[in-house]
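Undergrad: Any chance you could fold what I've pasted below:
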Amino acid sequence: MTADTVGGVWTYALELSRGLLARGWGVHLATMGAPLSARQRAEARALGGGLRVHEGAWRLEWMQDPWADLEQAARWLLALEAELRPRVVHLNQYVFGVLPFRAPTLLVAHSCVASWWRAVHGEAAPPAWDRYRDCVTRGLAGASCVAAPTRAMLAALQREYGFDGPAVVIPNGREVARFEPAPKQPFILAAGRLWDEAKNLAALDAVAPALSWPVRVAGACDGPDGQHRRPNWVQVLGTLPAPVLAREMGRAAIYALPARYEPFGLSILEAALSGCALVLGDIGSLRETWGEAALFVPPDDAVALRETLTRLIADAPLRERLAQAAWERAHQFPAQRMTEATLAAYARLPTRRPRPLAEESTCA
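TA: Sure, this is the predicted structure:
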């Protein structure tokens, strides 16, 4: 299984690995994006000897000028597969779908630049991303099967890349026992990369001075390609270890993420399991996942965001009803269900034969 170390895919990969290990599978995790942090190493060790981590630091397909790194990562992955001879290759990046693995491949589409760009900028990604678009198109076409966490994300693949191959929707999941509501305190919490325009955490910074409760944001201010955003009005908690963030969620009365783009939203699921009332960006994927269990605001409507949060701060019975609805909805997305759906997808994969070595190149 491939995994990157700079976003939510790391959390997804560990959660799925935990479920696979419990069902007797061995998992080899091939990491890239950045060196593992001490915290990530400890999280991987905690899963026991059934998980082996193979560490790389190759740049990811959405990073600046990643092509030479991707070629090296491709050769590395093919060598790992030849050595390990796995039953399945589980890919959490697009470009490697084109590689001639001997085992069948399940490629999971967590997000992509083309749909991110359209959601954030309201238009198609510019020609500078054409090479990326071609690589993603080829990777999707080369995979044995593609999985997406929502119908909205699968539709985005069809719209942006013309994808029409075998596909399945497998919602993300979290282990319910790791999150527990605590006595609620009067503050609003958000979590995400502050530098990522899609998370739209700048909107919370803009409305924070007008709110009677403090707004606390957990996440990094700096991105891997020099991105930087330091907010003025919210309390920045930095990148928190998972248990610490879970405690913050347990205490927060409201969780707000007015996202412009969020194909699933693991942090939202964690907050719902922790008993938070949810205020979310009004986008298709979040409507699909949360339905009537959240309040929704247009991502670029600061007035609506301020008014919705002000209303929720003032109305304790409404907060409690929404928190209960979100908690109940969140229990439809346990890690066990994600693991079982993934194993069912593995079982449906066709037998795969290696393709000619000339096709090894990812995007050269």
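Undergrad: got any ranges where the chain has weak pLDDT?
TA: By pLDDT under 70, the weakly predicted segments of the chain are 223-226, 228-229, 352-364.
Undergrad: Now do the helices in it.
TA: Remark: helices assigned in the chain by DSSP state H are 8-22, 38-45, 67-84, 113-121, 130-142, 151-161, 201-207, 242-251, 266-273, 284-290, 302-314, 316-330, 335-348.
Undergrad: list the buried ones in the third one?
TA: Of the residues in helix 67-84, W67, D69, L70, E71, A73, A74, L77, L78, L80, E81 count as buried by neighbour count, 16 or more other CB atoms under 10 Å. C-beta coordinates here come from the backbone N, C-alpha and C atoms, glycine included.
Undergrad: now swap in the last one and tell me
TA: Buried positions in helix 335-348, judged by neighbour count with 16+ other CB under 10 Å: A335, R337, M338, T339, A341, T342, A345, Y346.
Undergrad: And for stretch 304-322?
TA: A304, L305, R306, T308, L309, L312, I313, R319, L322.
Undergrad: any chance of those in a markdown table, plus distance to A143?
TA: Supplementary listing: these in a markdown table, determined by distance: CB to CB, whole Å:
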| residue | distance to A143 |
| --- | --- |
| A304 | 40 |
| L305 | 38 |
| R306 | 43 |
| T308 | 40 |
| L309 | 41 |
| L312 | 42 |
| I313 | 46 |
| R319 | 43 |
| L322 | 38 |
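Undergrad: closest to R216 among these?
TA: L309 (13.2 Å; CB to CB).
Undergrad: before we move on, the earlier item: include distance to M32 when you put the helices of the chain into CSV, please.
TA: Listed next are these as CSV, based on distance: least, CB to CB, whole Å:
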stretch, distance to M32
helix 8-22, 10
helix 38-45, 13
helix 67-84, 6
helix 113-121, 17
helix 130-142, 15
helix 151-161, 22
helix 201-207, 26
helix 242-251, 21
helix 266-273, 20
helix 284-290, 25
helix 302-314, 36
helix 316-330, 30
helix 335-348, 21
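Undergrad: Please enumerate residues in contact with stretch 214-224?
TA: Residues from elsewhere that reach stretch 214-224 (CB atoms under 8 Å, 6 or more residues apart in numbering): 6, 33-34, 63, 187-196, 199, 201, 204-205, 208, 228-231, 233-240, 245, 248, 252, 256.
Undergrad: Now list the buried members of these.
TA: 6, 33-34, 63, 187-196, 199, 201, 204-205, 208, 229, 231, 234, 236-237, 245, 248, 252, 256.
Undergrad: How about the contacts made by V27?
TA: Applying CB under 8 Å, 6+ apart, the residues contacting V27 are M1, S17, L20, L21, G50, L51, R52.
Undergrad: so which of the residues you listed is the most crowded?
TA: Counting neighbours by other CB atoms under 10 Å, S17 comes out on top of those with 24 neighbours.
Undergrad: hang on, isn't that one packed against L47?
TA: Yes. With contact defined as CB atoms under 8 Å, S17 counts as touching L47 (6.0 Å).
Undergrad: For P350, give me its contacts.
TA: Per CB under 8 Å, 6+ apart, neighbours of P350: P104, S144.
Undergrad: gap between the residue nearest to V234 when sequence neighbours are not counted and W62?
TA: Using CB to CB, 6 or more residues apart in numbering and skipping the chain neighbours, the partner closest in space to V234 is V215 (4.4 Å). Distance of V215 to W62, computed by CB to CB, to the nearest Å: 28 Å.
Undergrad: same question, P104
TA: Applying CB to CB, the value for P104 to W62 is 25 Å.
Undergrad: got it, and A277?
TA: Separation of A277 from W62 (CB to CB): 32 Å.
Undergrad: Quick one: neighbours of G48, just the number.
TA: Neighbour count for G48, taken as other CB under 10 Å: 9.
Undergrad: Kindly apply the preceding question to Q332 instead.
TA: The number of residues packed near Q332 is 12, by other CB under 10 Å.
Undergrad: How about V176?
TA: 16.
Undergrad: which residues does it contact?
TA: So V176 contacts L273, A330, H331, P334, A335 (CB under 8 Å, 6+ apart).
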